[in-house]
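S.K.: Let's see this in three dimensions:
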Amino acid sequence: MRVGLSIGGLLVRHEVRLLVSLALWVARRTHGTGGGRAFGYAGGQGAMMAGFAFVCLVETVALSVLLRDWPAVHAAFLFLDVYTIVFVVALHASSVVRPHVLDADGGSLRIRRYVHVDLCVPLERIGSVRRELRMTHEPADGELNVEVGSQTTVTLELTEPVTHLTFLGRRRQVRVVRFHADDPDGLVRALGRARV
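M.R.: Model prediction:
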């Protein structure tokens, strides 16, 4: 019972963060960038997310027509369909307002994806950084792949592991981090300058 409550709490927290991201997106603000330099990663998924939202919208209209003779069922499905559209738009919004952040003064790189990946890597633990386009990612111990559109563009190899907290709260030690950035060359150069 307790596990169910904690998972329920995590899911509610996730939904709230998505809705906050949607509000930040509408207000054209970012989350957690502070004095650091932001590097976006949402550019590679914008068309896909727009297409997904459009398909959900078409489904909403089609179900409204099909269920018009059953008002109670129609109302339930209309609520679920509209919430699904809001969820899809909020997922994209969270990618836009929560970019990767390089804080040279604070000595860290914050790697993010939606609202459920937020990994802080101290710059002194970065052994090497390189631009590396990868399209396939086999799960492996000690590795974290933060893909966008099934691809990553930057690879970090760490001298010491960092702790990644998974969506459901499990802790993983990672020594290799692969992630996507819209400007991987700029990020690799900025990381090189910040580590010196």
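
S.K.: Mean confidence (pLDDT) on the lengthiest helix in the chain, please.
M.R.: Taking DSSP state H as the criterion, the chain has its longest helix at helix 71-97. Taken as a whole, helix 71-97 has a mean pLDDT of 93.

S.K.: Which residues are in contact with the nearest residue to residue 109 once chain neighbours are set aside?
M.R.: Nearest residue to residue 109, sequence neighbours excluded (C-beta to C-beta, 6 or more residues apart in numbering): residue 121, at 4.7 Å. C-beta here means a position set from N, CA and C on the backbone, and glycine is covered the same way. Going by C-beta atoms under 8 Å, 6 or more residues apart in numbering, residue 121 touches 108, 109, 110, 111, 156, 158, 162, 177.

S.K.: Going by neighbour count, which residues in stretch 127-142 are buried?
M.R.: Neighbour-count burial for stretch 127-142, with 16 or more other C-beta atoms under 10 Å as criterion, is recorded at residue 129.

S.K.: what sits up against that stretch?
M.R.: So stretch 127-142 is in contact with 145, 147, 150-159, 161, 173-176, 178, 184-185, 188, 191-192, 195, going by C-beta under 8 Å, 6+ apart.

S.K.: can you check stretch 95-113 too?
M.R.: Stretch 95-113 has contacts (C-beta under 8 Å, 6+ apart) with 21, 24-25, 29-42, 45, 114-115, 117-124, 126, 146, 148, 156, 177, 179, 181, 187, 190-191, 193-194.

S.K.: the longest strand in the protein is where?
M.R.: strand 152-165 (DSSP state E).

S.K.: buried stuff in the very next helix or strand once past that one?
M.R.: Per DSSP states H and E, the first helix or strand lying C-terminal to strand 152-165 is strand 171-179. Buried residues in strand 171-179, counted by 16+ other C-beta under 10 Å: 174, 175, 177, 178, 179.
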